[in-house]
Structures are given as structure tokens and as C-alpha cells.
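Visitor: Give me a model of this one.
(chains A and B)
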Amino acid sequence: MKKVVSLVCASAMILSLTACFGGSGSTSDTAAPAAPAQTETKTDVAAPAESKEEQAEAPKDDSDDPIIIGFMGWSSGPDAMYGLVPQYLHEYYFKNVNANGGWLGRPIDFRTYDISGLDGDFSEAVNVANKLIQAGADIIMGPSNSTQGKAVAELCNNAGVLHIPSSPAQAVTVDDNGAVREYTYRSGATLSDKMNTFANYMYHECGAPRIAILYETTQVDCVDMYQTFHDVYTSLGGEITGVSTYQINDIEFRAQITSLAEANPDYIFMPAMAYKELGFAAMQIKELGFDGIKLLGTNVLDNQDVIDQAGAALEGSMFLTEGDVNDERFAEIREWYDEIYGINGMALHIDGLIAMNEAKIAEYAVTTAGSTDVEAMKKALDEMTDLELVTTHIDGYDPETHNLKGIGFTIKKFENGAYVSQGTYSAP
Amino acid sequence: MNTFLQQLITGISIGSIYALLAVGYALVFSVFNFSNFGFGATMMFGAFAAYYVILGLKLPLFVSILLGMAAAGVVSMIFELVIYRPMRKKNVMRVYLMIAGLGINIFAPNFMLQIVGGAVKGFPSDWARVTMTVGSVNITRSDMLALAMSIALLALLWVFLYKTRVGLGIRASAFDTRTAALMGINVNVVASAVFLFSGAAAGVAGCFYGMKYSVYPAMGAVATKGFIASTVGGLGSLGGAVVAGLLLGFLETMIASYISTTYRDLFAYALLVIVLIFLPGGLMGRQVHDKL
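Guide: Okay, the predicted model is just below:
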């Protein structure tokens, strides 16, 4: 009898696993029913320029075949909301696209992949990118962090596949030699633009307060943000009272906060890539009784979940964002997101919306080019001068960097239980 | 000096959580000679149980902690009954039990992620968040409660192990499980009791961890630190687990504060390796030798 019970329980665990993760790593339910079999011919992902040119010179014969679009997100583990929320947004978007006849009369075969790894292991993104390239993906979207984004960009550019990530470091669209990666087009602002603007705002609009910095050393995005903010703020004449560090997945910061507080800063700036760290830090600053120290964060704070987590401890905290998640422009998205995906327990966040820009850019590239030929899609994006994305309006791409032109920034501050817009700001 | 005292309190408060987790590891190891790596998952279930008891049933904090402990204890017993016991009966190598535990530890948070989402949830108790000032040092009520309840629970555990018949059975089994079974001790009852109590310890650690930080599916990852403390203290030694847990919390805080967080884990794991090299039985553990 006990054997039967054990067997039933084990089966239940396996079935629940299958049910839970059935969508990851496979064609999602938005996929076209007639998805083509994956090609047996392996693409040489490290192919030199010759093969890239061969691909470019031989445009695809646009048929009724589905357009294969892959999306990779950090969709499990403690930071799963940064992969799952954009995945849900994309799935809904492409479901509607397919319901309305697809693009160019072709259905979208939308495939989602979880690229999270234990303790910051970033290798899965490379595996997924290779898999998608070998499967003949027309466009690869994601990821959102730059460590993985850079690796995926290299693979896509070697293989000549259009890549649209939301990863914000400059190194994703520009290689180590300073040359633009031809096939990679970002979907949001760069960290350097954000941090430059934020440092200027703090110096010019907030009376040049004394700022300490606590940053994570594992992810290139966090290190970039720290470095840019530090350099810009001190070059303006601002005072950085101290710098301390933490590791990926850390949630205990009291030792560092206590040390940083000795120099009496007005703010502690945490250039974090996940909201929970900022929530923990805010709670711990309050617990330690440093009521005079406020938190400066990043746009990951633009999320109801962090307010549920840290509540009043966030009072006075500020951040810069390229889109206000409470803005009316997102009302319709919020409505269907909450109705359909709210049950998943992850609030709509601005990073998810920035990732959703990827779909808009992909749509523009395909429909303007009139085909999924990668060179035609590239040409469409290079010549773009005006596009309304999900989060903002843009004036096209900078040809030297593939950075978006014309993005505006908003400053938000936590006042009386909610983040309130302080208006838009541009660095002088 | 004030900063040092504040860091000391922080270290003790972190260490008390590690100590509770380490005790759970030690309890299972002392009887069954393997480490239950499903412990982080048990801790997480306990914290979520307390969280939803407060939110859903509107019960007071202390009742929710007790129910969180009970829930974690039951979950732990279920793991033993459904996963470990059938494997023990087949006399599988201990390493497979540990691998099964690792599987639980990955399965459970991802399962919860799909059920409740990945959002970090603030523990719904304003009482626990209140900060008290003692001299120049700030300490939250939850930290003080964690320390007090940890001491009380460890005392209760000692009484149970040394003053009750079931406790005698557990100690006999810890000495030699097969001989204890031949002497008429029901090893399955002992196993259920051990997993119940170790699960309850994980549950209370989960509740305090939730109060100190938040409740979220991946919170059980901290149990790794409890395992390190358990190993450094001496696998199977309850006293060693407590001492090593507090020591680890103290060391981590001081290294993060006065050296760098970059070196924090380096020191913690170096400590584990060094202790294992020079004191294979841990600081207070019995010497055990495998036939190689």
C-alpha cells in the first residue's frame, strides 16, 4: 500500500512539474499550428563573415511558413518575475497577432525559453540562442540582463539573426572594439544614459546630497550603473561618501549599511537589477534606525510588489525610469494583464513593458521590410525615424550604437505609500 | 564601538537563524547518517503557512508561528514517509537520499513559484518590525523573539531527547539504528518523530526568516548556510550546530562589514574546508570513519 502511495505521490510531483513548466523551452500556445519541423542542418554559430554574407545574399523565400520568434527570459528562481512577466505580455501580444492573421499573412511561431541558472549561471542563454539559431529563428528577443545579452548578441551577429534584447548595457549592441553589432537592436534606454541623467538630477535638482553606494558585483549591468553614476556625480562636484558591495542573491545588507552610515550620507544608492534587494535594503535601513538616510534605486522599483514587500520603509526613496508604470498609456495593458495573469502573483512592472517593446520593434521590422529577410529587416530598422513603442516614442536608432533616440526619463519618489512622478527630466 | 556592537547584534540575529536550520540538519543526520537537503523547502513551506494563516485566518503572530511550525513538521514527515522511507527500506546508499533531498529543494520553490508567483511578500506583522533601541544599538522585535524562541526551542528539544521515551529511542537509534531496531525500538516511529521535530525547527526558522526579510519561494536557499553550520559544528551534534550557526552569522557580518562582501562566502566556505581537513568530525561532533 505504501509503495502505491509513494508511486502516486512521485507521479503527482512529476505531473505537476510537467504542468508547471510545460510552456518553457517549447512552442507556446500562441504558436502557429503548422510549425515547421526543426531543421536537421546545424548552423555554424561561430560562422565567419563569409557565411553571414551568404545568408544575406540569399534572402528567404517568403512563403506562408510561420515566422519563428524566440524569447528568452530569466523565468524561474527568485527573479522569475523578470522573465515571466515579459513572457506573458509577449504571449498575449502574439496570440492577438495570430488571431488577426499574423504578419504579412504569416502566423507567428512564438517560442519561449527559460534561461535562468543557479547562482547567476548565465550559460543557459547561450544554449538557447544556439538552439533557436539552429531551428531557423527569424528573430530572437531578450534577454533582459546584459551579461547574457552580450553573449547572445555575439551568437546572433555571427549567425546573422536579428536580435532585439532589452538588456541595457552598451556592450550588448557595441562590441569590445567599439563597433556596432549589426544585427542587435535594443528595446530600451542604455544604463549610461539613465545613470548620467539620474546623477545630473540628484546634483542639480536635489541640492547635491551626500550619497553612499551599495552595488552588486556579479552582473555587468550593476557594475556599469555604479561606475557611471559615481563618475558623473563626482565630476559634477557631488560627494560619494562611501562604496560597499554585495553578491548576487544577497538579501542581508545590514553590515554594509551600518558601515556606510558612519559617513552620514543623505542617500544610499543601490543600482540593483531586482526589486527585492532594494526592498530588503529599505527595510534594513529602517530597522537599523537610520531614518535620515533614504534609498536611491533603479526602475525596478516601479512595481507594486516592492511596495507590498517594504511598504513605508520606502518613504523618500527615488529612482529614474524611462516609463511610469502607473501612466495612463499602460491602463489597457494593465487591465488585461491583471485579468489574465494577475493570478500568477506577479505584478506588471516597467521592465516587462520595456521587454514588450521588443515585439513592437520586431513587428515594425517585419511589416516594413515586407519579409523576414534579415537584411531587409535591418534596413527597415536603420531607416526608422518614428515609432511608438509600448513605453515611449522613439526617433529611431543611432547607427553608431543602435541605441534608441528620443527616449525621455521620469523621476519618481515614494510619497505617502505610493511612487509619485516628479516629472520628466533631461540631463543638461 | 557603537558600530561594532550593532554589527555584533546583526551577526547574532543572522546566526540564530542558521543555528535553527543547523539543528534540523544535525537531528536528521544524528539518526540516519545523511543530510536532508530538502530542508530549505520545508522551511519555505513553514513560512508560507504562517504568512497565509495571518492573512487568511487573521490569527495572531504567535499562533501563526505555531501553525507554521506544525505545517513544516507535517511536510517534513510527508517527505520522510513518501520519499526517504521507501528508499531506506531498499537499503539504497545514503548519497541517493541526499540527492533526493536536493531534488526536493529544487522542485519545491519552482512549484510554489507557479502556485503563488515569484513576488517577495512582506511578512504581515507590524509588531515584529518595530525596532527597539538598547543603549546605542537598534534591534527589531523579530530578532529578539527569534533569539528567545530559538533558545526556548533548543531547551525543549533537549528535554524531549533526554527526558522522554521517544527521545530515548531517538538517542538509541542515533547510536546505532540497526541495534536499536533489534532491541524493539520502532525505527519508523523514531524517523517520523525526528522529521517532525527537524521540520518544526525549519518551520520556525522560516517564520523568523520571513519576519526578518520576506516570504518568497526561493527563501530556502539560505538552508545551505545551515548545512555548513551543521557540518562545522559536527554533523549530528546539536550543541555544535548552535555554536557553529552563531559563529557563521558573526563571521559573515564582520567580514562583510570590515573586509568586503567579496570575501564573505570565500571565508565561510574556506572555514568549512579547513574544519573538515583538521577536524573531520566538526567542532563538537563524534568521529565517524567510512570504510574506504
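Visitor: Tell me where chain B has strands.
Guide: Counting by DSSP state E, residue ranges of the strands within chain B are B:131-134, B:137-140.
Visitor: Could you do the stretch 251-400 of chain A as well?
Guide: Listed in chain order, the strands of the stretch 251-400 of chain A (DSSP state E, counting those that start in this stretch) span residues A:267-269, A:294-296, A:318-321, A:387-388, A:393-394.
Visitor: Can you give me the neighbour number for A:Pro271?
Guide: As a burial measure, the neighbour count of A:Pro271 was computed by other Cβ atoms under 10 Å in any protein chain shown and equals 29. Glycine gets a C-beta too; all of them are placed from N, C-alpha and C.
Visitor: Contact partners for it?
Guide: Applying Cβ atoms under 8 Å, 6 or more residues apart in numbering or on different chains, we find A:Pro271 in contact with A:Met195, A:Ile213, A:Tyr215, A:Glu216, A:Asp221, A:Cys222, A:Met225, A:Tyr226, A:Phe229, A:Gly297, A:Thr298.
Visitor: Pull up the distance across stretch A:125-142, start to finish.
Guide: 9 Å (Cα to Cα, to the nearest Å).
Visitor: Nearest to chain B: which residue in chain A?
Guide: When distances are taken as Cβ to the nearest Cβ, chain A reaches nearest to chain B at A:Gly345, 2.1 Å away.
Visitor: Next up, the contacts around that residue.
Guide: With Cβ under 8 Å, 6+ apart as the criterion, the residues that contact A:Gly345 are B:Val116, B:Gly117, B:Gly118, B:Ala119.
Visitor: Try it again at 10 Å.
Guide: With contact set as Cβ atoms under 10 Å, 6 or more residues apart in numbering or on different chains, A:Gly345 has these partners: A:81, A:84, A:305, B:112-119, B:121, B:217.
Visitor: Leaving out the residues flanking it, which one is nearest to the residue in the stretch 1-150 of chain B positioned nearest to chain A?
Guide: Among all residues of the stretch 1-150 of chain B, B:Gly117 sits closest to chain A, at 2.1 Å; criterion: Cβ to the nearest Cβ. In space, and not counting its chain neighbours, B:Gly117 is closest to A:Gly345: 2.1 Å by Cβ to Cβ, 6 or more residues apart in numbering or on different chains.
Visitor: Spit out the contact partners of the nearest residue to B:Val222 once chain neighbours are set aside.
Guide: Spatial nearest neighbour of B:Val222, excluding adjacent residues (Cβ to Cβ, 6+ apart): B:Tyr209 at 6.4 Å. With contacts defined as Cβ under 10 Å, 6+ apart, B:Tyr209 is in contact with A:251, B:14, B:17, B:20-21, B:43-44, B:46-47, B:123, B:142, B:146, B:202, B:215, B:219-220, B:222-223.
Visitor: Quick check: the gap between the residue lying closest to B:Leu20 once chain neighbours are set aside and B:Leu235.
Guide: Distances taken as Cβ to Cβ, 6+ apart place B:Ala205 nearest to B:Leu20, at 3.9 Å, with adjacent residues excluded. Using Cβ to Cβ, to the nearest Å, we find B:Ala205 at a distance of 18 Å from B:Leu235.
Visitor: ranges for the helices of the stretch 1-150 of chain A?
Guide: Per DSSP state H, counting those that start in this stretch, the stretch 1-150 of chain A has helices spanning A:2-21, A:49-57, A:81-99, A:123-134, A:146-159. These are given in chain order.
Visitor: mean pLDDT for the ones you listed: which is lowest?
Guide: The stretch with the lowest mean pLDDT among the helices of the stretch 1-150 of chain A is helix A:49-57, which comes in at a mean of 41.
Visitor: Around the closest residue to A:Glu358 other than its chain neighbours, count how many other residues there are.
Guide: In this structure, A:Glu358 finds its nearest non-sequential neighbour in A:Met141, 4.1 Å apart by Cβ to Cβ, 6+ apart. Here the count is done by other Cβ under 10 Å, and A:Met141 has 28 residues near it.
Visitor: what do you get for A:Leu162?
Guide: Around A:Leu162 there are 27 other residues, counting by other Cβ under 10 Å.
Visitor: Contacts only, for it.
Guide: Residues in contact with A:Leu162, defined by Cβ under 10 Å, 6+ apart, are A:69, A:137-141, A:156, A:182-185, A:361-362, A:365-366, A:369, A:372-375, A:377-378, A:381.
Visitor: Quick check: it vs A:Ile361, distance?
Guide: When Cβ to Cβ is the yardstick, A:Leu162 and A:Ile361 sit 9 Å from each other.
Visitor: tell me, what's touching those two both at once?
Guide: Common neighbours of A:Leu162 and A:Ile361 (criterion: Cβ under 10 Å, 6+ apart): A:Ile139, A:Met141, A:Tyr185, A:Met377, A:Leu381.
Visitor: For the most centrally placed residue in chain B, report the pLDDT, please.
Guide: The residue lying closest to the centre of chain B (Cα atoms, centre = their mean) is B:Leu21, at 1.4 Å. According to the prediction, B:Leu21 has pLDDT 88.
Visitor: Same question for A:Gly22.
Guide: In the prediction, the pLDDT value recorded for A:Gly22 is 39.
Visitor: what's the answer for B:Ile185, then?
Guide: In the predicted model, B:Ile185 carries a pLDDT score of 82.
Visitor: List the residues that contact residue 181.
Guide: Here I'm looking at chain A. Shown in contact with A:Arg181 (Cβ under 10 Å, 6+ apart): A:150, A:153-154, A:156-158, A:163, A:171-175, A:401-402.
Visitor: My question was about chain B, not that one.
Guide: By Cβ under 10 Å, 6+ apart, the contact set of B:Ala181 is B:Ala172, B:Ser173, B:Val187, B:Asn188, B:Val190.
Visitor: from these, which single one is nearest A:Gly316?
Guide: Ranking those by separation from A:Gly316, with Cβ to Cβ as the measure, puts B:Val190 on top at 54.9 Å.
Visitor: wait, doesn't that closest one sit right on B:Met183?
Guide: No: taking contact to mean Cβ atoms under 10 Å, the distance of 11.8 Å between B:Val190 and B:Met183 leaves them out of contact.
Visitor: about what we covered before: what number of residues are in the vicinity of the residue of the stretch 1-150 of chain B closest to chain A?
Guide: Residue crowding around B:Gly117 was assessed by other Cβ under 10 Å; the count is 23.
Visitor: and if you look at A:Ala189?
Guide: Counted with other Cβ under 10 Å, residues neighbouring A:Ala189 total 25.
Visitor: So it is in contact with A:Phe198, correct?
Guide: No: look at A:Ala189 against A:Phe198 with Cβ under 10 Å: they stay out of range, at 11.2 Å.
Visitor: before we move on, the earlier item: for the residue nearest to A:Glu358, which residues count as its bridge partners?
Guide: Counting by DSSP bridges, A:Met141 is bridged to A:Phe71, A:Ile164.
Visitor: Quick check: the gap between it and B:Gly281.
Guide: Here A:Met141 is placed at a distance of 54 Å from B:Gly281 (Cβ to Cβ).
Visitor: How confident was the prediction at B:Leu156?
Guide: Predicted confidence (pLDDT) for B:Leu156: 86.
Visitor: phi, psi of the residue nearest the centre of chain A?
Guide: Against the mean C-alpha coordinate of chain A, by Cα atoms, centre = their mean, the closest residue is A:Ser144 at 2.9 Å. In this entry, A:Ser144 is assigned phi and psi values of phi -100, psi -20 (degrees, to the nearest 10).
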